[in-house]
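1. Starting from these lines, generate the structure:
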Amino acid sequence: MSRKEVTMRPSTFWYTLKQGFKNIRRNWMFSLASIITMAACIFLFGIFYSIVENLNYITRTVEQDVAVTVFFDEGTTEKEMKAVGEKIEERPEASKVVFVSADEAWQEFKDVYLGGSEEAAEGFKEDNPLANSANYEVYVNAIEQQSQLVSYIEGLDHVREVRQSKEAEQTLTSINKLIFYVSMGIIAILLVISIFLISNTVSVGISIRKEEIGIMKLIGASNFFVRFPFLLEGVLLGLIGSAIPLTILYFLYNQAVKAVLTKFNGLADFMQFIPVNEVYHILLPVVLVLGMGIGLLGSYVTTRKHLKV
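-> Purely as a prediction, here's the structure:
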C-alpha cells in the first residue's frame, strides 16, 4: 500500500466513518448478532479474568503464610543463630525472616495445646521442655521457590533440621499452573469465536455493497478508501461488544462478592477479594483493546479475502 493511499483528508475520514455506521445499520440483524455474541464472549472473559485474579490473589495471600521452620544444633549460640539468620535474609527467595526464641516457642505451645493454662504447665515449673527449639520462620516470595531455599538452608552450619510443607507447595503450584492453562485455553476459544462472527458480519456487508464497490473502483477510489469503512465497521462492532459487558460487570462485581461472603459467612475471616477498581485497572484497557483488535482482525481478513482490491 503506497503512502498516497493511506493519506486521508478529514472530510474523507468522516465520510468513511459514516459509511462504517451505515454498514452496521444496513446489516443491523447481523451486526446485532455479532455484538450480542461478542458481548457474551467478553462478558465470560471478564468473569473468568475476575475469578482468576481473585484466585491468584488468594493463592499469593496463602503463600505468604506458608513458612519454612529452621531448627539449630544443640548448643548453638545466639551469635551463631544470628549469623545464620543474616545469611537467609540475603537470599532473594526470602521475603521475611522471624526469629522465635525457646521461651517464645514454649509460650506458643502452651497457648495452642494447653489453652494458655499455667496450671497445666505447672509440672514443668522453671524448666523449658523446648529449650532447644529456638528457630527461624522463613517466608518465601513465591511457593515455587521454597525447595530451592530449603536446599540452601540445609547446607548451612549449625542447622539441625528444616521443616517445610511439601503438600502446600505442591498444591499451590498445581493451582497456579491449572489457572494459567485454563485461562489460556478459554481466551483462545473466545478469540476464535469472536473473529469468526465479526468476519461473517463484514462479509455480508461486502456482498450487499458489491455493486457500489465496483463503481467506486471504476471512478478511481483507492484500495484503502474501499477497505477502510469495513475495517472501521469491525472496530466499532468490537468496541460496542466490549463496552456493554464491561459496564454490566462493573456493577455486578461488588454484588457478587457481597453475595458470596453473605452465603459463605466463614470465608470473610480468611479470604479477601480484590476491589473492583483494582480489577478494572487492567481489565478495562485489555478488554477494549482486545475487542477492537478482534474486530479489526476479523474485518481485515474478510476484506483481504472478498475484496479483490
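
2. so where is the stretch 201-309 of the chain shaky, pLDDT-wise?
-> For the stretch 201-309 of the chain, applying pLDDT under 70 flags the ranges 201-202, 205-206, 208-209, 212-213, 216, 221-222, 264-271, 306-309.

3. mind listing the helices for the stretch 151-300 of the chain?
-> 166-208, 210-218, 223-263, 276-306 (DSSP state H, counting those that start in this stretch).

4. could those helices go into a markdown table alongside mean neighbour count?
-> (C-beta placed from N, C-alpha, C; glycine too.) A markdown table is the format used below for the helices of the stretch 151-300 of the chain (neighbours: other CB atoms under 10 Å):
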| stretch | mean neighbour count |
| --- | --- |
| helix 166-208 | 17 |
| helix 210-218 | 12 |
| helix 223-263 | 19 |
| helix 276-306 | 19 |
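
5. Format those as JSON lines; extra columns: distance to residue 149.
-> Output for those, formatted as JSON lines (distance: least, CB to CB, whole Å):
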{"stretch": "helix 166-208", "distance to residue 149": "11"}
{"stretch": "helix 210-218", "distance to residue 149": "65"}
{"stretch": "helix 223-263", "distance to residue 149": "34"}
{"stretch": "helix 276-306", "distance to residue 149": "30"}
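
6. right, so of those helices, which gets closest to residue 86?
-> helix 166-208 (25.0 Å; CB to CB).

7. re the thing from before, quick one: which of the helices of the stretch 151-300 of the chain is nearest residue 83?
-> Per CB to CB, nearest to residue 83 of these: helix 166-208, 27.0 Å.

8. what's the closest of the helices of the stretch 151-300 of the chain to residue 42?
-> Of the helices of the stretch 151-300 of the chain, nearest to residue 42 by CB to CB is helix 223-263, at 4.5 Å.

9. Can you spell out which helices and strands pack onto that closest one?
-> helix 3-6, helix 10-26, helix 28-64, helix 166-208, helix 210-218, helix 276-306 (3 or more CB pairs under 8 Å, 6 or more residues apart in numbering; DSSP states H and E).

10. orientation of it relative to helix 28-64 in degrees?
-> 50 degrees (axes from the mean of the first three to the mean of the last three CA atoms, to 10 degrees).

11. now helix 223-263 and helix 276-306, what's the angle there?
-> Using the same axes, to 10 degrees, helix 223-263 lies at 150 degrees relative to helix 276-306.

12. what helix or strand is residue 69 on?
-> strand 67-72 (DSSP states H and E).

13. Can I get the following helix or strand past that strand in CSV? Just the C-alpha atoms.
-> Heading C-terminal from strand 67-72, the first helix or strand you meet, by DSSP H and E, is helix 78-89. Extracted as CSV, the C-alpha positions of helix 78-89 are listed here (Å, rounded to 0.1, in the frame of the first residue of the first chain):
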residue,chain,number,x,y,z
GLU,A,78,22.7,-16.8,69.8
LYS,A,79,25.6,-15.2,67.8
GLU,A,80,25.8,-18.3,65.5
MET,A,81,22.0,-18.3,65.1
LYS,A,82,22.0,-14.6,64.2
ALA,A,83,24.7,-15.3,61.6
VAL,A,84,22.5,-18.0,60.0
GLY,A,85,19.6,-15.6,60.0
GLU,A,86,21.6,-12.9,58.2
LYS,A,87,22.6,-15.4,55.5
ILE,A,88,19.0,-16.4,55.0
GLU,A,89,17.8,-12.8,54.8
